[in-house]
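1. Build the 3D model from these lines:
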Amino acid sequence: MIIPIRCFSCGKVVGDLWERYLEAIDSGKSDADAIDDLNLQRYCCRRMILTHVDLIEKLLKYVPCAERMVSPRELRKERERRNPDHL
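-> Numbers count the residues shown, from 1 in each chain. Sure thing, here's the model as predicted:
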């Protein structure tokens, strides 16, 4: 989902490194070189970056509100239109 803020094992802050890691990968660097550029020495911290799966972008495709934002007033009007007896 969202990159964890800290390493689960040692507690080092790794949440701010995710974007820089993606930029390095997009520029053509290998995973090892990108991790080395981030100065991650401990294998537990390296694991946090290497094994993270960014699902948030994939999940946002299926949120119905993302396609059309509906205000509560419009939603209420739509309900009343469909069922006028229910007040």
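2. Would you check that Asp37 makes contact with Asp31?
-> No: under the criterion of CB atoms under 8 Å, Asp37 makes no contact with Asp31, lying 10.9 Å away. In short, each C-beta sits where N, CA and C put it, glycine included.
3. Averaged over its residues, which helix or strand of the protein has the lowest pLDDT?
-> Least confident helix or strand of the chain, by mean pLDDT, DSSP states H and E, is helix 64-67 with a mean of 56.
4. got a list of what Ser9 touches?
-> Ser9 makes contacts with 42, 44-45, as judged by CB atoms under 8 Å, 6 or more residues apart in numbering.
5. For those, please prepare JSON lines with the additional fields neighbour count.
-> Output for the contacts of Ser9, formatted as JSON lines (neighbours: other CB atoms under 10 Å):
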{"residue": "Arg42", "neighbour count": "12"}
{"residue": "Cys44", "neighbour count": "14"}
{"residue": "Cys45", "neighbour count": "23"}
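6. out of these, who's nearest Ser27?
-> In terms of CB to CB, no member of the contacts of Ser9 lies closer to Ser27 than Cys45, at 21.3 Å.
7. buried sites along the host helix or strand of Glu23?
-> Glu23 belongs to helix 18-26 when elements are defined using DSSP states H and E. By neighbour count on 16 or more other CB atoms under 10 Å, the buried set for helix 18-26 is 18, 21, 24.
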